[in-house]
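> got a predicted structure here, sequence first:
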Amino acid sequence: MQLDAIFENGRFRTLDPQRPAATRMGVFGGRIVGFDAELEGCTALERYDLGGAHAVPGFNDAHQHLSMRGRRLRSLDLRAHVVGSLDDLYAAVELFARDLPPGTWIKGSGYDQNKIGAHPTAEMLDKVSAGHPVWLEHVSAHMGVANSEAFRLAGFSERYGVPDVAGGAVERDPSGRAVGLLQETAQRLVTDAFRPIGTDEIVDYIKAGSEVGVSEGLTSATEPGIGAIDHIGNSTIDLYAFQRARDEGVLDVRMTLMPYITVLRDIGALEGESTWRGLDLGVRTGFGDDYVRLGPTKIATDGSLIGRSAYMSCCYHDDGDNRGFLQFEEDEVRLLITQAHRAGWSVAAHAIGDAAVDAALDAFEMAQAQYPRHDPRHRIEHFAVASDAQVARLVELGVTAVPQGRFISELGDGMMRALGPSRSLQCYRMGSLIEAGAVLPGSSDSPVVHGAPLLNIHDMVNRLTADGVPLAPNEAVTPAQALEAYTAGSAYAAGEEKTKGRLQRGMLADFAVLSDDLLAVDPGAIKDMSVGATIIGGRVVFNDGAL
């Protein structure tokens, strides 16, 4: 038999309990057809020698904004390693503005007030932006800052008359004038002035995100929140942009896409006399192919820890009476989730604060009680602050938590300041989730933090903040558990465990070649490992000399 490709002289860690290791793997039609002695007598159109290198199933990020990652790669970079202070940020904006045509938007992203001392202000941005409209997106994407020209284009001359928005917050001075910072849903007051983004531009962002992803061993990712330009979507036709990127050959990473829940709509009376909320033709979770498919619908219930807008049962540490807030009223959260559940969707609820976690779990329990379904595979994105009882309840309800490892190092110091020492012990409880019997996925929420899977795995194992402080160290997982999470666990979270996550006959031939053995290297050195090659469907999409 002639195969498409044989990869040999490798050290494959398959994550298949029946065959945990192999040295040779054959591929036909994008899928694995055999290993080692099973390939005797087979020829192949392509043969690749791994030179004894270690290989693992392709990394799968269960929560990554790949198109936003590409967009930030194309925007003014304001991350802490680039701008170390507010003065540096203003200088970067001033330099960026010098050669722009008049009226061009200055869009920057990645700043963190916890690391540069404070949020920028419209007044200061006015002084350095040479009349250009400015929008600076916070690292979390849960807030941003606009200058006066941006507010004017949005219909708010001199920053007066900016209204309150349900599920958001507008910071104002004593005279009632907006100072620049817009949180959560209030961001749309300004971002509506430049959205939707054109499809050509979105395809370029997807291309950039895919290119950096495959260089990190990423073979699959789930992008949350497409289609809602009043949330984090690029355009109402985001799905078309991903399909076009795939058709044009600029998207290699396999994508599972989460439409935002407000994209779902009333599509008429079905199943009796009641209305049905979903997408036209009854399209729902699971529709698509091995490269672009629909996943859960996403709903954001609250905000972020470092922005102190996540909805908490108790006030933030040293922050008066601030408990954060919900982006929807609790009864609306229950209604939206129940409607989507009834229409056959899996639902992914962003819930960071413990009170938001309760709101999401209540909604999932109510939806399943009213409209029982087999394995709806609902999720809670982040599940950042949770008690023992909430961990147990999540497992009992069959809901999957999707936490982020890299938050610990890049955002951990700010999270600990927000939570205080005692509640920090209940932060990103990966170890407890595994101990309770949950399937743990791996995810980054990039570009909020770095998207490289090896860096995220490093933080899942080591749990040290940027200042070197252990963050809930009892919640650390082993390298083997972290690898399982970033492969098979993420496949499970996307409902794709039958085709991805392990190297087995009949499964997709997606794998990454690594510089070392992930399970044998010193755990503190995982971050120093590199990816030598990435293979998707038996096709080499990245090669840094490993093949």
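Yep, it's here. Numbering: from 1, shown residues only.

> what mean pLDDT does the longest strand along the chain have?
Using DSSP state E, we find that the single longest strand of the chain is strand 218-226. Mean per-residue pLDDT for strand 218-226: 98.

> ramachandran coordinates for the nearest residue to G538 once chain neighbours are set aside?
Excluding the flanking residues, the one nearest G538 by C-beta to C-beta, 6 or more residues apart in numbering is V27, at 3.3 Å. Where you see a C-beta, it was placed from the backbone N, CA and C, and this is true even at glycine. Backbone geometry at V27, expressed as degrees, to the nearest 10, gives phi -130, psi 140.

> V27 and Q2 touch, don't they?
No - judged on C-beta atoms under 8 Å, V27 makes no contact with Q2 at a distance of 11.6 Å.

> the two: which has the busier surroundings?
Comparing V27 with Q2 by other C-beta atoms under 10 Å, the one with more neighbours is V27, at 25 against 8.

> domain parsing for this structure?
For the chain, the domain assignment from automatic domain parsing gives the residue ranges 2-58+506-543, 75-191, 199-493.

> in contact with the residue nearest to G538, which residues?
Counting by C-beta atoms under 8 Å, 6 or more residues apart in numbering, V27 touches L3, D4, A5, I6, F7, V33, A509, G537, G538.

> let's see if you can find the most crowded of those.
F7 leads the contacts of V27 on contacts (other C-beta under 10 Å) with 28 neighbours.

> any idea what it is bridged to?
M25, Y48 (DSSP bridges).

> skipping adjacent residues, who's closest to D112 in space?
Closest residue to D112 apart from its sequence neighbours, by C-beta to C-beta, 6+ apart: V139 at 4.6 Å.

> what of V357?
Closest to V357 by C-beta to C-beta, 6+ apart is A351, at 4.7 Å.

> would you mind getting the angle between the helix or strand following the longest strand of the chain and strand 218-226?
Heading C-terminal from strand 218-226, the first helix or strand you meet, by DSSP states H and E, is helix 238-247. Using axes from the mean of the first three to the mean of the last three C-alpha atoms, to 10 degrees, the direction of helix 238-247 lies 160 degrees away from that of strand 218-226.

> what packs against helix 238-247?
helix 66-73, helix 199-214, strand 218-226, strand 254-259, strand 292-294 (3 or more C-beta pairs under 8 Å, 6 or more residues apart in numbering; DSSP states H and E).

> check the residue nearest to G538 and give its pLDDT.
99.

> likewise for A269?
According to the prediction, A269 has pLDDT 62.

> so which residues of the stretch 351-500 of the chain form strands?
379-382, 400-402 (DSSP state E, counting those that start in this stretch).

> please identify the most buried of these.
strand 379-382 (a mean of 29; mean count of other C-beta atoms under 10 Å).

> in its sheet, what does that strand sit against?
strand 347-351 (parallel), strand 400-402 (parallel).

> so for the first one, mean pLDDT?
This means strand 347-351. Strand 347-351 comes out at a mean pLDDT of 99.

> off-centre distance for it?
12 Å (C-alpha atoms, centre = their mean, to the nearest Å).

> let me know the angle separating it from strand 254-259.
Using the same axes, to 10 degrees, strand 347-351 lies at 80 degrees relative to strand 254-259.

> what sits up against strand 347-351?
In contact with strand 347-351 (C-beta under 8 Å, 6+ apart) are residues 224, 258, 261, 295-302, 311, 333, 337, 340-341, 356-357, 359-360, 363-364, 367, 376, 378-384, 402.

> where along the stretch 251-400 of the chain do the helices fall?
330-342, 354-370, 388-396 (DSSP state H, counting those that start in this stretch).

> so which of these gets nearest V56?
When the helices of the stretch 251-400 of the chain are compared by C-beta to C-beta, helix 388-396 sits nearest V56, at 26.8 Å.

> that closest one: which residues count as buried?
Q390, V391, R393, L394, V395 (16 or more other C-beta atoms under 10 Å).

> show me what that helix is packed up against.
helix 354-370, helix 430-435.

> may I see these organised as a markdown table, with mean neighbour count added?
Listed next are the helices and strands packed on helix 388-396 as a markdown table, based on neighbours: other C-beta atoms under 10 Å:
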| stretch | mean neighbour count |
| --- | --- |
| helix 354-370 | 21 |
| helix 430-435 | 20 |
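
> which of these sits closest to G489?
helix 430-435 (9.4 Å).

> mind giving me the packing neighbours of that closest one?
With 3+ C-beta pairs under 8 Å, 6+ apart as the test, helix 430-435 has helix 388-396 packed against it.

> can you give me the angle the helix it packs on makes with helix 354-370?
30 degrees.

> quick thing: my sequence starts at 17, can you match it?
Renumbered: residue one is now 17, and that last one reads helix 404-412.

> who touches helix 404-412?
Contacts of helix 404-412 (C-beta under 8 Å, 6+ apart): 370, 373-374, 377, 396, 399, 402, 417, 445, 448-449, 452-454.

> where are the low-confidence patches of the protein?
Applying pLDDT under 70 to the chain flags the ranges 285-291.

> ok, now which ones touch the residue of it positioned farthest from its centre?
Centroid-distance maximum for the chain: G57 at 43.7 Å, with C-alpha atoms, centre = their mean. Applying C-beta under 8 Å, 6+ apart to G57 gives the contacts M17.

> is it in a helix, a strand, or coil?
Counting by DSSP: H, G, I helix; E, B strand; the rest coil, the backbone at G57 sits in coil.

> hmm, back to that, can you redo the buried residues of helix 404-412 as TSV with distance to H247?
Output for the buried residues of helix 404-412, formatted as TSV (distance: C-beta to C-beta, whole Å):
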residue	distance to H247
Q406	25
V407	28
R409	27
L410	24
V411	29
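
> now, which of these sits nearest Q129?
Once C-beta to C-beta is applied, the member of these that ends up nearest Q129 is Q406, at 28.7 Å.

> residues near P486, how many?
Counted with other C-beta under 10 Å, P486 comes out at 15.

> try C58
15.

> quick one on the thing from earlier: so the residue nearest to D128 makes contact with Q129?
No - using C-beta under 8 Å, V155 is not in contact with Q129; the gap is 9.1 Å.

> neighbour count: the two, which is higher?
V155 (26 against 18).

> any idea how far stretch 190-205 is from the chain center?
25 Å.

> correction: stretch 304-314
15 Å.

> straight-line length of that stretch, end to end?
One end of stretch 304-314 sits 17 Å from the other (C-alpha to C-alpha, to the nearest Å).

> in that stretch, what's buried?
Quick answer for stretch 304-314 (16+ other C-beta under 10 Å): G304, D306, Y307, V308, R309, L310, G311, P312, T313, K314.

> can you name the two of these that sit furthest apart?
It's D306 and K314 that sit farthest apart of the buried residues of stretch 304-314, by C-beta to C-beta, at 21.6 Å.

> just to revisit the earlier point, how about the residue nearest to D128, what does it touch?
V155 neighbours (C-beta under 8 Å, 6+ apart): R95, S125, G126, Y127, D128, I322, L427, V464, V465.
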